[in-house]
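Asker: Take this sequence and fold it.
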Amino acid sequence: SQPARAWRVNLKLTGDWPTDPPPPNASANLSLPTHTQGASADVGWLSLLLGAFVGGLLLNLMPCVLPVLAIKLLSVAQSSTSPAMRRGIGLAYASGVLGSMLLLAALVMGLRAAGAQLGWGFQLQSPWLVAGLSLLFLLIALNLWGMLEWPGSWGTQWAARMAHHPLADAFWSGVLAVVVAAPCTAPFMGASVGVALTLAPWQGIWVFVSLGVGLALPFSLGSWIPAATRWLPRPGAWMQTLRHSLAFPMLLTVVWLLWVLGQQTRSELAFLWLACLTLIAGALWARGQAGRLGLGVTLAFVLTLMGVVWLGLSLGPSTAIAPSREGQAPIGWQAWSAAKVSQTLQAGQPVFIDFTAAWCVTCQVNKQTTLRDPAVMKAFAERKVVLFEADWTRQDPAISQALNALGRSGVPVYVLQFPGRPPQVLPELLTPGLVQAALSQ
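Answerer: Predicted coordinates:
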């Protein structure tokens with residue numbers, strides 16, 4: 001086996017370092033006071049900005065953002081697009097990213113100042129927004145397949161407006177990129193965003209500006225540098241093939257959002273919403289068919305859709321709320337609570353806490369590649385580490401408070417803590433070697 005790789009970062013610390021170890025129950029509430037005393041307590045101001053910038057760059061690799069960027073590259077690759085228009089599209093996209101990023105940050109800061117226990121990515125904790133995004137991505141996929149293009153329809157009018165207003169299209173693409181990418185905490189981003197939410201508003205805003213610049217830079221820079229466009233193939237039939245193929249990542253995003261909806265609500269509601277999406281797609285397809293047959297099929301789809309909606313409403317509000325996930329943690333794991341962590345540490349056993357959410361792509365990758373690795377689970381068992389899962393798929397003030405105490409505001413967050421020692425926060429991207437090295441220390 002290859003030796004594990006690691007990176008060491010030396011940062012200048014200010015203030016007094018505690019000389020005595022905390023008592024066994026001192027960190028049961030996961031409290032790290034140094035994080036709440038300003039950015040200089042742990043990291044320098046430039047480190048915060050750099051971490052946010054690099055985290056924004058890495059957000060472009062999220063599977064929900066890459067298709068959006070690819071669609072925008074299609075517009076840049078058009079032979080009819082002038083250099084001035086390309087630069088304008090790049091600026092419009094950056095404006096959409098930065099504007100929505102600052103609006104989201106101001107909303108989180110304002111609600112937290114009012115006493116709400118909210119964290120970064122709270123928007124995907126709402127089942128209504130998750131359902132709405134799944135519908136939006138479905139419509140995007142249908143539009144890429146040309147199913148929203150027929151004479152006299154609102155879809156054609158909307159597509160025509162976007163074609164005649166590419167700057168507006170680029171702006172809203174930037175907004176969409178922020179909405180779907182921001183909930184996942186990318187590497188180098190977690191600490192910066194967590195500390196930013198504890199700073200004065202004028203300081204925290206600059207951190208989110210750096211995050212937005214990192215997210216917007218790759219596409220905007222490519223639209224401003226002529227050499228970047230030369231790397232793209234010349235316009236041709238490949239563009240139509242690429243357009244159609246990009247619909248499949250959009251549909252995969254719909255599948256992922258439906259799975260998230262099933263975690264937040266009951267599976268019955270997620271199934272009914274899937275049926276609604278299928279009927280909406282069928283109605284849009286049938287509307288594009290000529291003659292009375294197409295009109296009749298469309299009417300049949302619409303009536304069936306109304307019946308499914310009525311069925312969903314008749315189930316009552318209790319069906320829209322998923323049962324408590326207490327005791328539903330994966331095999332070998334326990335559902336997290338501050339009291340359980342405190343009791344475990346007082347009993348002299350170490351703990352490992354996985355702060356996760358169904359809508360966090362990075363969390364799911366880490367589960368499959370590291371946290372379910374047999375060698376990692378064996379290492380946990382040999383050291384008698386008690387495993388806790390803190391599921392933040394739905395809003396949970398207790399989990400939000402625990403994340404704040406750790407200087408974090410979003411997931412994933414991984415905490416390893418031994419009795420009598422402060423909690424150790426591991427990087428957002430886990431590897432089996434990294435976890436085993438932390439355990440061996």
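
Asker: Look up how far Pro83 lies from Leu58.
Answerer: Here the criterion is Cβ to Cβ, to the nearest Å. By it, Leu58 lies 29 Å from Pro83. For the C-beta atoms, the positions are set from N, CA and C on the backbone; glycine is no exception.

Asker: between those two, who's got more neighbours?
Answerer: Neighbours were tallied for Leu58 and for Pro83 using other Cβ atoms under 10 Å; the higher tally belongs to Leu58 (20 against 11).

Asker: Please point out which parts of the helix or strand containing the more buried one sit buried.
Answerer: Using DSSP states H and E, the element containing Leu58 is helix 45-59. Within helix 45-59, the residues that qualify as buried by neighbour count (16 or more other Cβ atoms under 10 Å) are 47-59.

Asker: same thing with stretch 97-109?
Answerer: Neighbour-count burial for stretch 97-109, with 16+ other Cβ under 10 Å as criterion, is recorded at 97-98, 100-102, 104-105, 108-109.

Asker: Could you list every helix and strand that the strand or helix carrying Gly204 packs against?
Answerer: Secondary structure assignment for Gly204, by DSSP H and E: helix 201-224. Helices and strands touching helix 201-224, as assessed by 3 or more Cβ pairs under 8 Å, 6 or more residues apart in numbering; DSSP states H and E, comprise helix 45-59, helix 66-77, helix 83-113, helix 166-181, helix 190-196, helix 226-230.

Asker: residues near Cys363, how many?
Answerer: If you count neighbours by other Cβ under 10 Å, Cys363 ends up with 25.

Asker: Ok, Gln417 next?
Answerer: Other residues within reach of Gln417, judged by other Cβ under 10 Å, total 21.

Asker: how about it, phi and psi?
Answerer: In terms of degrees, to the nearest 10, the main-chain angles of Gln417 are phi -140, psi 130.

Asker: Is it correct that it is in contact with Ala438?
Answerer: No: at 10.8 Å, Gln417 does not count as touching Ala438 under the criterion of Cβ atoms under 8 Å.

Asker: what is in contact with the two at once?
Answerer: With contacts taken as Cβ atoms under 8 Å, 6 or more residues apart in numbering, the residues that reach both Gln417 and Ala438 are Gln424.

Asker: that older thread, nearest to Ala300 among the buried residues of stretch 97-109?
Answerer: Using Cβ to Cβ, Ser100 comes nearest to Ala300 of the buried residues of stretch 97-109, at 39.0 Å.

Asker: Now do the closest one against Gly90, distance only.
Answerer: Distance, Ser100 to Gly90, using Cβ to Cβ: 16 Å.

Asker: Could you do Val341 as well?
Answerer: Relative to Gly90, and taking Cβ to Cβ, Val341 is found at 47 Å.

Asker: what do you get for Gln343?
Answerer: In this view, Gln343 and Gly90 are 55 Å apart by Cβ to Cβ.

Asker: Of the two, give the one with the bigger neighbour count.
Answerer: Using other Cβ under 10 Å as the criterion, Gln343 and Gly90 rank with Gly90 on top: 22 against 14.

Asker: thought that one was touching Leu217?
Answerer: No: counting by Cβ under 8 Å, Leu217 is not a contact partner of Gly90; they are 9.8 Å apart.

Asker: list the helices and strands the strand or helix carrying Asn143 packs on?
Answerer: Using DSSP H and E, Asn143 maps to helix 127-144. The contact analysis (3+ Cβ pairs under 8 Å, 6+ apart) places helix 127-144 against helix 166-181, helix 247-264, helix 267-287.

Asker: Just the CA coordinates for the second one, please, in CSV.
Answerer: Spelled out, it's helix 247-264. The C-alpha coordinates for helix 247-264 follow below in CSV (Å, rounded to 0.1, in the frame of the first residue of the first chain):
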residue,chain,number,x,y,z
ALA,A,247,-30.0,16.9,-20.7
PHE,A,248,-28.9,13.7,-19.1
PRO,A,249,-26.9,15.3,-16.3
MET,A,250,-29.9,17.6,-15.7
LEU,A,251,-32.2,14.5,-15.3
LEU,A,252,-29.6,12.9,-13.0
THR,A,253,-29.9,16.1,-10.9
VAL,A,254,-33.6,15.6,-10.8
VAL,A,255,-33.2,12.1,-9.6
TRP,A,256,-30.8,13.3,-6.8
LEU,A,257,-33.3,16.1,-5.8
LEU,A,258,-36.1,13.6,-5.6
TRP,A,259,-34.0,11.4,-3.3
VAL,A,260,-33.3,14.4,-1.1
LEU,A,261,-37.1,15.2,-1.1
GLY,A,262,-37.7,11.6,0.0
GLN,A,263,-35.3,12.1,2.9
GLN,A,264,-36.9,15.4,4.0
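
Asker: what angle do it and helix 127-144 make?
Answerer: 160 degrees (axes from the mean of the first three to the mean of the last three Cα atoms, to 10 degrees).

Asker: Please point out which parts of the helix holding Asn143 sit buried.
Answerer: Buried-residue list, helix 127-144, by 16+ other Cβ under 10 Å: 127, 130-131, 133-134, 136-144.

Asker: repeat for stretch 357-372
Answerer: Taking 16+ other Cβ under 10 Å as the neighbour-count basis, stretch 357-372 is seen to contain the buried residues 357-364, 366-367, 370-371.

Asker: So which of the residues you listed is the closest to Gly348?
Answerer: Nearest to Gly348 out of the buried residues of stretch 357-372 is Leu371 (Cβ to Cβ; 23.7 Å).

Asker: pLDDT value on the nearest residue to Ala300 once chain neighbours are set aside, please?
Answerer: With Cβ to Cβ, 6 or more residues apart in numbering as the criterion, Ala300 has its nearest non-adjacent residue at 7.9 Å, and that residue is Ala286. What the model reports as pLDDT for Ala286 is 83.

Asker: Thr304 is in contact with Ala286, correct?
Answerer: No: counting by Cβ under 8 Å, Ala286 stays clear of Thr304, with 11.4 Å between them.

Asker: how about low-confidence regions in this protein?
Answerer: 1-45, 62-68, 70-81, 111-123, 148-164, 181-200, 226-239, 242, 290-291, 315-329 (pLDDT under 70).

Asker: about what we covered before: can you state the direction angle for the helix holding Gly204 and helix 166-181?
Answerer: Helix 201-224 and helix 166-181 are oriented at 120 degrees to each other (the same axes, to 10 degrees).

Asker: Only alpha carbons, please: show helix 201-224 as CSV.
Answerer: Written as CSV, here are the backbone C-alpha positions of helix 201-224 (Å, rounded to 0.1, in the frame of the first residue of the first chain):
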residue,chain,number,x,y,z
PRO,A,201,-21.0,42.1,8.6
TRP,A,202,-18.6,44.3,6.6
GLN,A,203,-15.8,41.8,7.2
GLY,A,204,-17.9,38.7,6.5
ILE,A,205,-19.2,40.1,3.2
TRP,A,206,-15.6,40.3,1.8
VAL,A,207,-15.2,36.5,2.5
PHE,A,208,-18.3,35.8,0.5
VAL,A,209,-17.1,38.2,-2.3
SER,A,210,-14.0,36.0,-2.5
LEU,A,211,-16.1,32.9,-2.7
GLY,A,212,-18.2,34.3,-5.5
VAL,A,213,-15.2,35.5,-7.4
GLY,A,214,-13.7,32.0,-7.3
LEU,A,215,-17.0,30.5,-8.5
ALA,A,216,-17.4,33.0,-11.3
LEU,A,217,-13.8,33.3,-12.4
PRO,A,218,-13.3,30.2,-14.7
PHE,A,219,-16.2,31.0,-17.1
SER,A,220,-15.8,34.8,-16.9
LEU,A,221,-12.1,34.6,-17.5
GLY,A,222,-12.6,32.3,-20.5
SER,A,223,-15.1,34.7,-22.0
TRP,A,224,-12.7,37.6,-21.8
